[in-house]
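> sequence plus the predicted model coming up.
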Amino acid sequence: MEKYIETTMANLEKNGIKAYYAESRADVLLIVESLIKKGESVSHGGSVTLGECGIYELISNGDYDYIDRSKYEGESVREAYIKAFGCDTYLTSSNAVTERGELYNVDGNSNRVACIVYGPKQVVMVVGKNKIVPDIDAAIKRVKEVASPKNCERLGIPSACSKLGKCVSLTKENPYMCDGCTADTRICCNYVVTAKQRHKDRIKVIIVNEDLGY
């Protein structure tokens, strides 16, 4: 295990966040399976990482009460979000994890960050080593340079960062954390830093020794 991964995991634990290590994406499923009981309700945020690790196939195999938001349309999508907010296990990734043991996430619709902060009984995050950064400043930069542009491209969202390949705020000399474009399609609307956890081990982070997602 690389020293920076070891440091990150130790600091997550200090902050009340349970940390797990997976040498490869193939090891992730075994850890996730050990954390979810059959019959429990599960849901997830949008995540390339979960797809790369086979999580969607796992939770849709019939063993779990899967709240699949793709099955909802129009105004009923809100119903899926509300159900997910009260589920037993919410699966997601994180836009960045600092070596100080903090989680940094930025959302547009923000149902994902809402579930990270409160709601589901447990949150299980799967995070590739490429998302580990030294501190919050580096996490902010990572989202503006990597996560947001790539997700806009993936989702076909016409925004400034999908055209520039980076957040428009980075054209400024000293961009503020929340600086961004003014488009109605902007995906960076709510910014959440998860630090010390009052509900110890509610959030569980699986650090994978591979580059995964954005």
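Arrived safely, thanks for sending.

> centre of the chain to the lowest-mean-pLDDT helix or strand in the chain, how far?
Least confident helix or strand, the chain: helix 160-164 with a mean of 86, by mean pLDDT, DSSP states H and E. Centroid separation for helix 160-164 versus its chain: 22 Å, with Cα atoms, centre = their mean, to the nearest Å.

> show me what it is in contact with.
Applying Cβ atoms under 8 Å, 6 or more residues apart in numbering, the contact partners of helix 160-164 are Lys144, Ser148, Pro149, Cys152, Glu153, Cys167, Val168, Thr171, Gly180, Cys181, Ala183. Backbone N, C-alpha and C define where each C-beta goes, glycine included.

> by neighbour count, which of those residues wins?
The member of the contacts of helix 160-164 that has the most neighbours, counting by other Cβ atoms under 10 Å, is Ser148 with 27 neighbours.

> so what's that one up against?
Per Cβ under 8 Å, 6+ apart, neighbours of Ser148: Val106, Cys161, Cys167, Ile187, Cys188.

> most neighbours among these, please name it.
Going by other Cβ under 10 Å, Cys161 tops the contacts of Ser148 with 28 neighbours.

> what's the closest non-adjacent residue to that residue?
Pro149 (4.4 Å; Cβ to Cβ, 6 or more residues apart in numbering).

> now swap in Glu13 and tell me
That would be Ala19: by Cβ to Cβ, 6+ apart, it lies 5.5 Å from Glu13.

> now that neighbour: which helix or strand?
strand 18-22 (DSSP states H and E).

> Three-state assignment for the residue of the chain most remote from its centre, please.
Farthest-out residue of the chain from its mean C-alpha position, per Cα atoms, centre = their mean: Glu173, at 28.5 Å. For Glu173, the assignment made with DSSP: H, G, I helix; E, B strand; the rest coil gives coil.

> that one and Ile132: what is the separation?
27 Å (Cβ to Cβ, to the nearest Å).

> same check on Ala183?
Distance from Ala183 to Ile132, counting by Cβ to Cβ: 30 Å.

> again, but for Ala114
Using Cβ to Cβ, we find Ala114 at a distance of 24 Å from Ile132.

> the two: which has the busier surroundings?
Higher neighbour count among Ala114 and Ile132: Ile132, with 22 against 19, using other Cβ under 10 Å.

> give the bridge partners for that one, please.
Counting by DSSP bridges, Ile132 is bridged to Val97.

> do Asn105 as well
Val192.

> gap between Ser47 and Asp179?
In terms of Cβ to Cβ, Ser47 sits 25 Å off from Asp179.

> please name the nearest non-neighbouring residue to Met177.
Using Cβ to Cβ, 6+ apart, the closest residue to Met177 is Ile140 (5.2 Å).

> buried residues in the helix or strand encompassing the one you found, which are they?
Element membership for Ile140 (DSSP H and E) is helix 136-142. Neighbour-count burial for helix 136-142 flags Ile136, Ala139, Ile140, Lys141, Arg142 (criterion: 16 or more other Cβ atoms under 10 Å).

> isn't the second one right up against Asn95?
Read that as Ala139. Yes - in this structure Ala139 lies within contact range of Asn95 using Cβ atoms under 8 Å: 7.1 Å.

> take the contacts of Ser148 and write them to JSON lines, including distance to Lys37.
Listed next are these as JSON lines, based on distance: Cβ to Cβ, whole Å:
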{"residue": "Val106", "distance to Lys37": "31"}
{"residue": "Cys161", "distance to Lys37": "40"}
{"residue": "Cys167", "distance to Lys37": "41"}
{"residue": "Ile187", "distance to Lys37": "33"}
{"residue": "Cys188", "distance to Lys37": "35"}
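
> noted, bye for now.
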